[in-house]
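Undergrad: sequence and predicted structure, then a few things I'm wondering about:
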Amino acid sequence: QVQLVESGGGLVQAGNSLRLSCQTSGITFSHYAMGWFRQAPGKEREFVAAIDRSGAPSYYADSVKGRFTISRDNAKNTVYLQMGSLKPDDTGVYYCAARRGISVPRETFQYDNWGQGTQVTVSS
């Protein structure tokens with residue numbers, strides 16, 4: 001049974017940092033590209049970052065480039081999202097997603113395994 005469990009969300013003031021983790025089980029983690037997405041209230045789920053099976057390359061949405069860093073530890077079956085210089089617009093539920101294969105997708109429909117999400121709230 002495939003499981004993706006996000007953690008690390010919370011309430012933070014603008015300008016501060018937060019690190020999200022996504023622990024996976026039930027998959028051969030090193031065979032999967034991993035992505036982070038987020039969904040704000042009343043909005044569609046949007047791409048944040050994605051990373052190749054091996055750890056490189058990685059891709060980012062323009063809105064987070066230079067502020068967020070995605071990384072993975074294949075020994076721990078875990079993907080991370082380090083978020084810095086947080087803004088109120090970064091508020092939302094953050095989801096990790098997994099996709100088996102060599103591509104590094106950036107669209108929600110391209111992923112077939114999802115976590116339940118973790119709430120991130122950035123206050124001004």
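TA: Thanks, I have the structure now.
Undergrad: at the geometric centre of this protein, which residue do we find?
TA: For the chain, W36 is the residue whose C-alpha lies nearest the centre (Cα atoms, centre = their mean; 2.3 Å).
Undergrad: so the spatially closest residue to S63 that is not a sequence neighbour, which state does it fall into?
TA: Taking Cβ to Cβ, 6 or more residues apart in numbering, and ignoring the residues beside it in sequence, S63 has D89 as its nearest neighbour in space, at 7.4 Å. Every residue, glycine included, has its C-beta placed from N, CA and C. In three-state terms, and counting by DSSP: H, G, I helix; E, B strand; the rest coil, D89 is helix.
Undergrad: read off the pLDDT value for D89.
TA: According to the predicted model, the pLDDT of D89 comes to 97.
Undergrad: Y111 versus that one, what's the distance?
TA: Look at D89 and Y111: by Cβ to Cβ, to the nearest Å, they are 23 Å apart.
Undergrad: which of those two has more neighbours?
TA: Y111 (22 against 12; other Cβ atoms under 10 Å).
Undergrad: quick one: F37 and E44 touch, right?
TA: No: F37 sits out of contact with E44 when judged by Cβ atoms under 8 Å, with a separation of 9.8 Å.
Undergrad: now K43. Its backbone dihedrals?
TA: In this entry, K43 is assigned phi and psi values of phi -120, psi 160 (degrees, to the nearest 10).
Undergrad: typo on my end, E6
TA: Main-chain dihedrals, E6, degrees, to the nearest 10: phi -90, psi 150.
Undergrad: so how far is T91 from F37?
TA: To T91, F37 is 14 Å away according to Cβ to Cβ.
Undergrad: who's more crowded, the two?
TA: Set side by side, F37 and T91 show unequal neighbour counts under other Cβ under 10 Å, the larger going to F37 at 25 against 20.
Undergrad: tell me the SS of the more buried one?
TA: At F37 the chain is in strand, as set by three-state DSSP.
Undergrad: and it, what pLDDT?
TA: 98.
Undergrad: show me the contacts for V79.
TA: Under the criterion of Cβ atoms under 8 Å, 6 or more residues apart in numbering, the contact partners of V79 comprise 21-22, 24, 34, 36, 51, 70-73, 96.
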